[in-house]
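>>> here's my sequence, what's the structure:
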Amino acid sequence: MNATWQMRKVLFVLLCLLQGDVGYSKATQERYPNELQGFKFYAKYLAPLRPGISSRESVRRVLGDTAAVKRNGWTIIPTYTTKAGPVYNPTLGPLYQVIVRPDGAIPMGAVKFPSTFAHCHTSESEINISFDVYSDTFGLEYWLHEEDSKWGKKGDLYRIVYGPTRRPFPPNTIC
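Model (predicted):
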């Protein structure tokens, strides 16, 4: 009878763990539910990181480092908010966003983004490139080259951003 009681306790603990995994999986899917097929990196590499909340130590536990890391043809770059410290010595605050950049060219010009994504335009003055940005209110952004340059062809994926939730941009505006 004692062995039966022990077996029931073990089964109960296993059931609780499995339910916890299901809940975690669901929460992971809900964090960035609009990830495009073939570009689902949150559950694979980033979960349970949360922009605006996760600390540098959390980033280290998930990625193995607090700086850029390589994963299967992708570079994952965590960025942080800054806090002004004493005598203008800024210190790193919580995770701001995670940038995922392909290590090679990925053409996406033919991709039709679902209506959950707003389209806007932006540029990076340091490299003088313009981008089409498709973003949702969950903080997910896909940046595509707006025209050919030495860094990519029109429609190539430049980066994916996993950021904090935000309000939608009006369609076809400057981000």
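>>> for the nearest residue to Thr122 once chain neighbours are set aside, give me its contacts.
The shortest distance from Thr122 to any non-neighbouring residue, by CB to CB, 6 or more residues apart in numbering, is to Cys175 (4.1 Å). Every C-beta, even on glycine, is put in place using the N, C-alpha and C of the backbone. By CB atoms under 8 Å, 6 or more residues apart in numbering, the residues touching Cys175 are 120-122, 133, 135, 169.
>>> redo that, cut-off 6 Å
Cys175 is in contact with 120, 122, 133, counting by CB atoms under 6 Å, 6 or more residues apart in numbering.
>>> where does the chain dip in pLDDT?
Along the chain, the model assigns pLDDT under 70 to residues 1-29, 84-90, 169-173.
>>> what segments of it are strands?
Counting by DSSP state E, one finds strands in the chain at the ranges 69-71, 74-83, 91-102, 118-124, 129-135, 140-145, 157-162, 173-174.
>>> report the angle between the fourth one and strand 129-135.
To tie it back to what came earlier, the one meant is strand 118-124. If you take axes from the mean of the first three to the mean of the last three CA atoms, to 10 degrees, strand 118-124 sits at 150 degrees to strand 129-135.
>>> what lines up beside strand 118-124 in the sheet?
strand 129-135 (antiparallel), strand 173-174 (parallel) (DSSP bridges).
>>> tally of neighbours for Ser58?
Ser58 has 17 neighbouring residues, counting by other CB atoms under 10 Å.
>>> just give the nearest non-adjacent residue to it, would you?
Leaving out its chain neighbours, the residue that sits closest to Ser58 by CB to CB, 6+ apart is Leu49, at 6.3 Å.
>>> neighbours around that neighbour, how many?
When neighbours are defined as other CB under 10 Å, Leu49 has 21 of them.
>>> how close does it get to Pro168?
Per CB to CB, to the nearest Å, Leu49 is found 23 Å from Pro168.
>>> how about Glu147?
Separation of Glu147 from Pro168 (CB to CB) stands at 25 Å.
>>> since that was my last question, I'll sign off now.
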